[in-house]
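[1] got a structure for you, letters missing:
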């Protein structure tokens, strides 16, 4: 019988829950438990970790017992995956470069990527939209509302 | 009882004096305007917007900030119905049910009355809800003053149990998410002994996981990722919107559903873990049951718009009660509002009524003012909202992402919080794909710290005997209620079947 994508998804996600719970248990065991009459720092996390582990195990068992009548739809289509990867990478790069480039410039770069690559606007249009966004957001949030945003080496 | 109503009356008069101060009036206006705007736009909900604007409220007084935040919430309830009716996409999750009959009405050329009854129903329900808050809060706060750790812990236990009904998916998964959320809540310094837990020797994590990055990730970034993946296309129903005022017959059909929806929404909204979404399903199912012509539901019955739209606004008001009187957030939006209170150095709860009366009564009265503003503003502005619906998503989503980044960075000044937000965004996307819901996790995260403190204090108090939770009458009552909540759906499969059928019909 060919394994359906939905069934595999159920099992994998249950396994992840279980593994997270076990990792939490290992880490929580290093904390002082105290006693039931005087619970310490480890009391609550350990209880929760144990509970989550039980739930993860139950989910895993259920995923194996019940046959999910799942459609054969792929987890994510290749083109959607490319779009999602671009968005995530661009935002992580933005977080990393914000301090170096300063808010205005980093924002401009991020917007160009999002407008150009993800939404496939033309270069001229993407650059124009991005510049407008960066200036507008800079004026509203930094100058007007006074939100602290990193200035970068050139002061904006 | 006489003394009580005099208190409520005095408080109300005082509240209006506060709410009508120019600065607070402006805050209320901005709140309901922004709320309607984001309610209209699919893909940006009240939770993300409120977190987003949190840094902007730093310069305002606590009262003005909370007035604005609350305005965003109930404003979004108004706006969400517009998108449901005209586009058949819920602008906001609590308006899912409104799509059913609202969009059908629009297709039959009755978009005007549908929008009109949604606005009037929301107004009536919102007004009744505010009245309910004014009457119920003082006695509840007085009762809550006598709560000790065992009462608080058992009340939270009841809340957690209800949380697992929050979603439409698997209850086992919801419980697992609640546990995971509480575990996330233990990250940082132990509240009693200040021992670092799960911090991995990092400075960022020793303050705990931030509520704002978590919420912006799970609700803002995840929503964008889901929409980017699907390539959201919206089509506005092309129609001339005329005759916004419902006819006499429309009113006759809607009066009882609005009244029932209001009461139902308010009562359900008070309960922890319910939120504004479930009451809309229940109200819709109830009206369909009571209707003499149930076959018209789903084909443009005005009752099917009036009841859920009233229910979600009344639920909004109801859900303020646990926050204002007990300091407990019954749903995710209230969790953000709780965060806003704390940022401004105010601890909501039974003492707030005495210590910050201007805040309590001012916010409650502002909700009344806000409802009037929404009614007066929104009917003439429908045309503007329709224009906004035509903004393509490709232009919108980079801006939403940018706002999330600025919002998170603005609160903490720490770039790692942006990274944490992105991580939660990715996690939220995976959770959507695998049928795990974010709401139980966030709520448990918020309530977890209080739950831990109250449990540990209870055990200290009783020298390790769990029986203390049964020996105190109020705590025992909460515990019994918890058991009832767990057992009832199993014992009454018919109730469960009714609810799932209602949910299935409505989705």
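    That came through, no problem. This structure is a prediction, so every number in the text was calculated from the model and none was measured.
[2] please report phi then psi for the most centrally placed residue in chain B.
    Centroid-nearest residue in chain B: residue B:333, 4.2 Å away (criterion: CA atoms, centre = their mean). In terms of degrees, to the nearest 10, the main-chain angles of residue B:333 are phi -60, psi -40.
[3] so residue B:332 touches residue B:444, yeah?
    No. With contact taken as CB atoms under 8 Å, residue B:332 and residue B:444 are classed as non-touching, separated by 10.7 Å. Backbone N, C-alpha and C define where each C-beta goes, glycine included.
[4] what about the two, which has more around it?
    residue B:444 (28 against 25; other CB atoms under 10 Å in any protein chain shown).
[5] list the contacts for that one?
    By CB atoms under 8 Å, 6 or more residues apart in numbering or on different chains, the contact list for residue B:444 reads B:160, B:163, B:177, B:178, B:179, B:180, B:181, B:182, B:185.
[6] how far away is it from residue B:157?
    12 Å (CB to CB, to the nearest Å).
[7] cool, and residue B:267?
    Summarising the geometry, the distance separating residue B:267 from residue B:157, computed by CB to CB, is 21 Å.
[8] can you give me the strands in chain B?
    Shown for chain B, the strands assigned by DSSP state E span residues B:188-189, B:196-197.
[9] list the contacts of the residue lying closest to residue B:272 once chain neighbours are set aside.
    Using CB to CB, 6 or more residues apart in numbering or on different chains and skipping residues adjacent in sequence, the residue nearest residue B:272 is residue B:159, 3.4 Å away. Contacts of residue B:159 were listed using CB under 8 Å, 6+ apart, and they are B:272, B:273, B:328, B:330, B:443, B:447.
[10] tell me the contacts of the fifth one?
    So that's residue B:443. Contact criterion CB under 8 Å, 6+ apart gives B:159, B:163, B:166, B:178, B:181, B:273, B:329, B:331, B:332, B:335 as the residues in contact with residue B:443.
[11] dump the residues you listed to CSV, plus pLDDT.
    Conversion of the contacts of residue B:443 to CSV gives the following (pLDDT from 0 to 100):
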residue, pLDDT
B:159, 80
B:163, 73
B:166, 57
B:178, 91
B:181, 93
B:273, 67
B:329, 82
B:331, 81
B:332, 82
B:335, 85
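[12] ok, so of those, who is nearest residue B:87?
    Using CB to CB, residue B:332 comes nearest to residue B:87 of these, at 24.3 Å.
[13] any idea how far that closest one is from residue B:209?
    The value you get for residue B:332 to residue B:209, if CB to CB is used, is 15 Å.
[14] what does residue B:252 give?
    Remark: distance between residue B:252 and residue B:209 (CB to CB) = 52 Å.
[15] looking at these two now, which is surrounded by more residues?
    For the pair residue B:252 and residue B:209, the greater number of neighbours falls to residue B:209 (18 against 11), based on other CB under 10 Å.
[16] state the pLDDT value of that one.
    Per-residue pLDDT puts residue B:209 at 88.
[17] who are the contact partners of it?
    Going by CB under 8 Å, 6+ apart, residue B:209 touches B:184, B:185, B:187, B:188, B:420, B:445.
[18] now for those residues, which pair is the farthest apart?
    By the measure CB to CB, B:185 and B:420 form the most distant pair in the contacts of residue B:209, at 14.3 Å.
[19] burial count for the closest residue to residue A:123 other than its chain neighbours?
    Computed as CB to CB, 6+ apart, the closest residue to residue A:123 that is not its neighbour in sequence is residue A:116, at 6.7 Å. A count of nearby residues for residue A:116, using other CB under 10 Å, gives 17.
[20] now do the SS call for residue A:116.
    Classification of residue A:116 using DSSP: H, G, I helix; E, B strand; the rest coil returns helix.
[21] gap between residue B:147 and residue B:326?
    Note on residue B:147: its distance to residue B:326, by CB to CB, is 8 Å.
[22] can you check residue B:175 too?
    Here the distance between residue B:175 and residue B:326 works out to 23 Å (CB to CB).
[23] neighbours around residue 115, how many?
    Assuming you mean chain A. For residue A:115, the neighbour count with other CB under 10 Å is 23.
[24] try chain B instead
    Summarising burial for residue B:115: neighbours were counted as other CB under 10 Å, giving 26.
[25] so how far is residue B:386 from it?
    Counting by CB to CB - residue B:115 and residue B:386 are separated by 10 Å.
[26] for residue B:94, give me its contacts.
    Here residue B:94 is in contact with B:77, B:80, B:275, B:276, B:277, B:280, B:312, B:315 (CB under 8 Å, 6+ apart).
[27] where's the spatially most central residue of chain A, which helix or strand?
    To find the centre residue of chain A, average its C-alpha atoms and take the closest one (CA atoms, centre = their mean): that gives residue A:88, at 8.3 Å. Under the criterion of DSSP states H and E, residue A:88 resides in helix A:78-101.
[28] is chain B contacted by that helix?
    Yes. Figure legend: helix A:78-101 in contact with chain B (CB under 8 Å from any CB of the partner chain); contacting residues A:80, A:83, A:84, A:87, A:88, A:91, A:92, A:94, A:95, A:98, A:99.
[29] count the neighbours of the last one for me.
    Right, residue A:99. Counted with other CB under 10 Å, the burial measure for residue A:99 works out to 13 neighbours.
[30] so it makes contact with residue B:415?
    Yes. Between residue A:99 and residue B:415 a contact is recorded at 6.5 Å, counting by CB under 8 Å.
[31] alright, that wraps it up for me.
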